[in-house]
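Student: show me how the following folds:
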Amino acid sequence: MKRVALIAALLVASSAHANNVWKHAVESDKPERAADDKYESEMRQGDEHAILAAVRNASLAEVTRQLQLAVTSYRAAAQAKPTVGEPHFRIGKLLYAFYFDCNDQVSRRLPTCDPRLFKRDKANEVIAAWDAFEAREPLDPRLSVSVLGESEILFDRAILHTKLATKQHLTAAAADYEKLLTRHDSDDGASNRVLGNLAETYMMLGRMEESLETYREALRAGGDTSTWYGYAVALDRDESSRQALEIIQWLGRDERDRFFMQVEHGSNTFFVPEGEKYYYFALSDEAFGLDEEAISNWQKFIRSGAHKEFQPRAKSHLDALLTKKKRKVMPIEPPWPELFR
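Tutor: This is a model prediction of the structure:
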């Protein structure tokens, strides 16, 4: 119930801010009191609009209106106290919850949530808010620690950067994962998840040596099938096709089928751009001798235009399979044709 957790956090924070107003009124009579009062008032209004946005069965227009009012109030609070990070934290968390955190049953009912669509403008808005929060509160534990069931800000921000998919955003995603690794215990499961994502990000940036080493680190920490498949693809793209195919064969057909199902159902596995998945499919088809399927998936990857730097590698796989197929259907000429006339 992530939306419930978010609203609970806002209510607790709103109550704390209200108490601070009275405390400040009693203890202080400084000139900056007006700015403090403005800050507290706008933060409280922002929280109230955020709660109204979460009212069940509200229309898309009403949810959007309340979200905009909440963001406007939080921004006014930020102007009142420019050095404080909290308003920026709440802007990012609120927009993320309503537009991107759409995987549980409660969130799916939000009219703003559609997991099939990626709203680039909102992603940039969330990233900008969390950048501003981090700039003001670089040691805040919420950047790298789960709170009330919500994942770490650095991790969520890295995912948004990855989905935006430009080199600049991918570089920023790698930086977020690197920060997380410095703040996590190397033995915990979250660290393993971060390692796998970082390895894939390095691969998309063409940093193959770093990608392969990070994949190995993730696998030593207990990586799952998707991590093994990512490692195999990285090996193939680094001109180690035989080793890549042997890894997939070693994992077995059952794991291949499970991986395909996870990807098709979007079970914690996504590809940027979408056509990237066909490289994984084609390589695994090829490993098990499913030449027709492999040819089809290599063609789909090439047609998608995904990752132009890896297109030549895909074409070399495709050409080899087409040549193999042609040889299979060519009529065999007898060595002594005159004997068969």
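Student: on the three-state scheme, residue 271 is what?
Tutor: coil (DSSP: H, G, I helix; E, B strand; the rest coil).
Student: run a quick neighbour tally on it.
Tutor: For residue 271, the count of nearby residues is 15 (other Cβ atoms under 10 Å). (Glycine included, C-beta is placed from N, CA and C.)
Student: give me the next element, helix or strand, following the worst-scoring helix or strand of the chain on mean pLDDT.
Tutor: Scoring the helices and strands of the chain by mean pLDDT, DSSP states H and E places helix 2-27 at the bottom, with a mean of 50. Past helix 2-27, further along toward the C-terminus, the next helix or strand under DSSP states H and E is helix 33-53.
Student: residue 56 touches residue 110, doesn't it?
Tutor: No - in this structure, residue 56 sits apart from residue 110 without contact. The criterion is Cβ atoms under 8 Å, and the distance is 9.5 Å.
Student: among the two, which residue is more densely surrounded?
Tutor: Each of residue 56 and residue 110 has its neighbours counted (other Cβ under 10 Å); residue 110 has more, 20 against 8.
Student: give me the phi and psi for the more buried one.
Tutor: Here the main-chain torsion angles of residue 110 (degrees, to the nearest 10) amount to phi -70, psi 130.
Student: leaving out sequence neighbours, find the closest residue to it.
Tutor: When the adjacent residues along the chain are set aside, residue 110 lies closest to residue 98, with 6.0 Å between them (Cβ to Cβ, 6 or more residues apart in numbering).
Student: any idea how far residue 131 is from that neighbour?
Tutor: The spacing between residue 98 and residue 131, counted by Cβ to Cβ, to the nearest Å, is 19 Å.
Student: who has more neighbours out of the two?
Tutor: In terms of neighbours (other Cβ under 10 Å), residue 98 is the more surrounded of residue 98 and residue 131; the figures are 25 against 14.
Student: ok now do the spatially most central residue of the chain, which residues does it touch?
Tutor: Geometric centre of the chain, nearest residue: residue 159, 2.5 Å, by Cα atoms, centre = their mean. With contact set as Cβ atoms under 8 Å, 6 or more residues apart in numbering, residue 159 has these partners: 173, 197.
Student: likewise residue 205?
Tutor: The neighbours of residue 205, taking Cβ under 8 Å, 6+ apart as the test, are 167, 170, 171, 174.
Student: the helix or strand hosting residue 296: which residues count as buried?
Tutor: Using DSSP H and E, the element containing residue 296 is helix 291-304. Judged by neighbour count (16 or more other Cβ atoms under 10 Å), helix 291-304 contains these buried residues: 291, 294, 295, 296, 297, 298, 299, 300, 301, 302, 304.
Student: quick check, nearest of these to residue 191?
Tutor: residue 301 (30.9 Å; Cβ to Cβ).
Student: and the gap between that closest one and residue 307?
Tutor: Here residue 301 is placed at a distance of 9 Å from residue 307 (Cβ to Cβ).
Student: same check on residue 170?
Tutor: The spacing between residue 170 and residue 307, counted by Cβ to Cβ, is 11 Å.
Student: okay, and the common contacts of those two?
Tutor: With Cβ under 8 Å, 6+ apart applied, the overlap between the contact sets of residue 170 and residue 307 consists of residue 204.
Student: which of these two has more residues huddled nearby?
Tutor: Between residue 170 and residue 307, counted using other Cβ under 10 Å, residue 170 has the larger neighbour count: 23 against 20.
Student: tell me which element residue 260 is part of?
Tutor: Here residue 260, judged by DSSP H and E, is contained in helix 253-265.
Student: tell me the buried residues in that helix?
Tutor: Quick answer for helix 253-265 (16+ other Cβ under 10 Å): 255, 256, 258, 259, 263.
Student: now the fourth one, nearest residue through space, not along the chain?
Tutor: By the measure of Cβ to Cβ, 6+ apart, the closest residue to residue 259 outside its immediate chain neighbours is residue 225, 5.2 Å from it.
Student: could you do the second one as well?
Tutor: On the basis of Cβ to Cβ, 6+ apart, the spatially nearest residue to residue 256 that is not a chain neighbour turns out to be residue 284, at 5.0 Å.
Student: same check on the third one?
Tutor: The spatially closest residue to residue 258, leaving aside those adjacent along the chain, is residue 225, at 6.5 Å (Cβ to Cβ, 6+ apart).
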